[in-house]
Each structure stands twice: as C-alpha cells, then as structure tokens.
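Colleague: Predicted model follows, preceded by the sequence.
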Amino acid sequence: MLRDVIRAIDYSDCAEIALALFCFAFALMVFATMRLSSRATHRFASIPLADTVVTADDAPAEETSDNE
C-alpha cells in the first residue's frame, strides 16, 4: 500500500515548488540588500579586514595599545 502511494506521487510538482521557494527567497535577499543604508554597507564590507567587528552600539573610538 505504501509503495502504491509513493509511486503515485508526482515529484515534478515538488521541483516546481522548490524552484518557486528559491526564487522567492532570492528576491527577498536582493530586496533586503538594496534597502541597506550606506553606513551598514560600509560596516559589513570592513568585517573581513578588521580585527574586531564594530557594532552599531559601539562608538568609533581610537584604539590605544599599552604594549608600546
């Protein structure tokens, strides 16, 4: 009985639903990216180059080193 049910399922519908969900998620990410402010974009772009990640709550303060 279970084999009959599995054989009767049309998997092409699942592929079309998956494609539609992917397109929706991709469009949502593009929309969210376009809505970012310039300040947030620059902050995100500097993450790979920075030793520490500056959050929005942190004030941009100059680093002082006691090892000099």
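Modeller: Perfect, thanks for sending it. Numbering: from 1, shown residues only.
Colleague: From here on, just use CA atoms for contacts and neighbour counts.
Modeller: OK.
Colleague: Distance from stretch 37-46 to the middle of the chain?
Modeller: Relative to the chain's own centre, stretch 37-46 is displaced by 15 Å; criterion: C-alpha atoms, centre = their mean, to the nearest Å.
Colleague: list the buried ones in it?
Modeller: By 16 or more other C-alpha atoms under 10 Å, stretch 37-46 has no buried positions at all.
Colleague: Start at 556, not 1
Modeller: Got it, the first residue is 556 from now on, which makes the last one we talked about stretch 592-601.
Colleague: Mean confidence (pLDDT) on that stretch, please.
Modeller: Mean pLDDT, stretch 592-601: 84.
Colleague: C-alpha coordinates for it, PDB please?
Modeller: What follows is stretch 592-601, C-alpha atoms only, in PDB (Å, rounded to 0.1, in the frame of the first residue of the first chain):
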ATOM      1  CA  SER A 592      22.000  52.000   4.400                       C
ATOM      2  CA  SER A 593      25.300  53.200   3.100                       C
ATOM      3  CA  ARG A 594      26.700  53.100   6.600                       C
ATOM      4  CA  ALA A 595      25.700  49.500   7.200                       C
ATOM      5  CA  THR A 596      27.100  48.500   3.800                       C
ATOM      6  CA  HIS A 597      30.500  50.000   4.700                       C
ATOM      7  CA  ARG A 598      30.400  48.400   8.100                       C
ATOM      8  CA  PHE A 599      29.700  44.900   6.600                       C
ATOM      9  CA  ALA A 600      32.300  45.400   3.900                       C
ATOM     10  CA  SER A 601      35.000  46.100   6.500                       C
END
